[in-house]
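Asks: generate a structure from the sequence data that follows.
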Amino acid sequence: MRYVVIMAGGSGTRLWPLSRQGTPKQLLEIFNGQSLLRMAYDRLEGLVDDAQVLTCTSQAYADVVARQIPELPRDNILGEPVGRDSLNAVAWSTAVLADRDPDAVVAMVTADQLISPPEAFRRSLRQAFEVVEDRPRALVTLGVVPTSPHTGYGYLHRDEPVPGRAGVFRLAEFKEKPHLELAEQYLESGEYWWNAGMFVFRAASLLEQLRVLTPDTHRTISRIVAEPDTLGELFPTLPKNSFDYAVMEPVSQGATDAEVLAVALDVDWRDVGGFVSLAAELAVDESGNRVDGKVVTLDSAGCVLINATGDDHVVAGLGLTDTLVVATRGATLAAPLADSERVKELVDRVRILDDRLT
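Replies: Numbers count the residues shown, from 1 in each chain. Take a look at the predicted model:
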């Protein structure tokens, strides 16, 4: 049977102070009253039944997730006691599903991206499911057809097409985030896709890869599933690692007898990783400022001004250019818009002052 796991455990510190420990970016209801998580769930409409959708998130977020997606059975909300990177989120979710259904075919999808149209997204997922059902040893990754030489995304380098499967390719290699000149070369060649960080595989096949490539992780996750009461004790002992680095890259290089294939995801795809990408979704005033909430500007242009205080507080900008201002009840951020990607560094200093603010 087919299943989908929405990975929704990140903290999103680059969107501080909007995003905090208790309200990570995927749970912020700032997209016309919806959260990224809810939008990720809605994109799955008609793909699988509600009982076959799970989320892997933080235990601290479980109640909010249940409120935002009331359709999900509570047992389908998997709460990590601590975040241990994507490898362990994927491994635990997969082991839980394999325990419920030994024949499970699993799609791991993200909850921090804006994707449209949803029909194209579902079409690619269906195609990935079909590939995995036909090729039991395949691990499929989704690649977004690039529209620009983006330097903030990892890339997939495609190899030969898979015979009889239009839009499906063998994967030559994973590429880290490139500098601009290299990103332009990737785009011009037509051989590279953005790495969407989404995967489809048979649960049993993935667990076999874990047994070979990360035996300690496989052993610990297996015990957690067999003895659920050990989750709080054992999960924090798992070493942090990314799923790409620990599994997908070694398999693509021939470390096991499995194969890595890539399926095209031809959609409008935006990773909401920071304020620049978030700003693209905000209203624009007559001076080109991106604004949200109760905001007033005078002689200001090219700014991003967000008022998330939720009360009668007003954010007013006078004589500002290319400036970021984000006001919340607990903290206010002001910075040149060009430095917005450095917010994560700032959060580390705020944490020293008062951890409650982060």
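Asks: check contacts around residue 323.
Replies: Contact analysis of residue 323 by CB atoms under 8 Å, 6 or more residues apart in numbering lists 300, 303-304, 317, 334-337. In this view, the C-beta of every residue, glycine as well, is placed from N, C-alpha and C.
Asks: show me which pair in those is furthest apart.
Replies: Pairwise distances across these (CB to CB) peak at 14.7 Å, for the pair 300 and 335.
Asks: these two: which has the busier surroundings?
Replies: Taking neighbours as other CB atoms under 10 Å, residue 300 and residue 335 compare with residue 300 leading, 23 against 16.
Asks: and the residue positioned nearest the centre of the chain, how far from residue 312?
Replies: Centroid-nearest residue in the chain: residue 110, 3.6 Å away (criterion: CA atoms, centre = their mean). From residue 110 over to residue 312 the distance is 36 Å, taken as CB to CB, to the nearest Å.
Asks: and the strands in the stretch 151-300 of the chain, which stretches?
Replies: 155-161, 168-175, 192-202, 259-265, 268-271, 283-284, 290-292, 295-298 (DSSP state E, counting those that start in this stretch).
Asks: what angle separates the fourth one from strand 192-202?
Replies: With axes from the mean of the first three to the mean of the last three CA atoms, to 10 degrees applied, the angle from strand 259-265 to strand 192-202 works out at 120 degrees.
Asks: list the helices and strands strand 259-265 packs on?
Replies: helix 118-134, strand 138-144, strand 168-175, strand 192-202, helix 249-252 (3 or more CB pairs under 8 Å, 6 or more residues apart in numbering; DSSP states H and E).
Asks: try it again at 6 Å.
Replies: Packed against strand 259-265, as judged by 3 or more CB pairs under 6 Å, 6 or more residues apart in numbering; DSSP states H and E, are the following elements: helix 118-134, strand 138-144, strand 168-175.
Asks: equivalent analysis for the second one, please.
Replies: Other elements packing on strand 168-175 under the criterion 3+ CB pairs under 6 Å, 6+ apart are strand 155-161, strand 259-265.
Asks: got a markdown table for the helices and strands packed on strand 259-265, with mean neighbour count too?
Replies: Conversion of the helices and strands packed on strand 259-265 to a markdown table gives the following (neighbours: other CB atoms under 10 Å):
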| stretch | mean neighbour count |
| --- | --- |
| helix 118-134 | 18 |
| strand 138-144 | 25 |
| strand 168-175 | 18 |
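Asks: okay, the ones you listed in a markdown table with distance to residue 330 and mean pLDDT next?
Replies: Listed next are the helices and strands packed on strand 259-265 as a markdown table, based on distance: least, CB to CB, whole Å; pLDDT from 0 to 100:
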| stretch | distance to residue 330 | mean pLDDT |
| --- | --- | --- |
| helix 118-134 | 34 | 97 |
| strand 138-144 | 35 | 97 |
| strand 168-175 | 39 | 95 |
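Asks: can I get those in CSV including distance to residue 1?
Replies: Supplementary listing: the helices and strands packed on strand 259-265 in CSV, determined by distance: least, CB to CB, whole Å:
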stretch, distance to residue 1
helix 118-134, 11
strand 138-144, 17
strand 168-175, 22
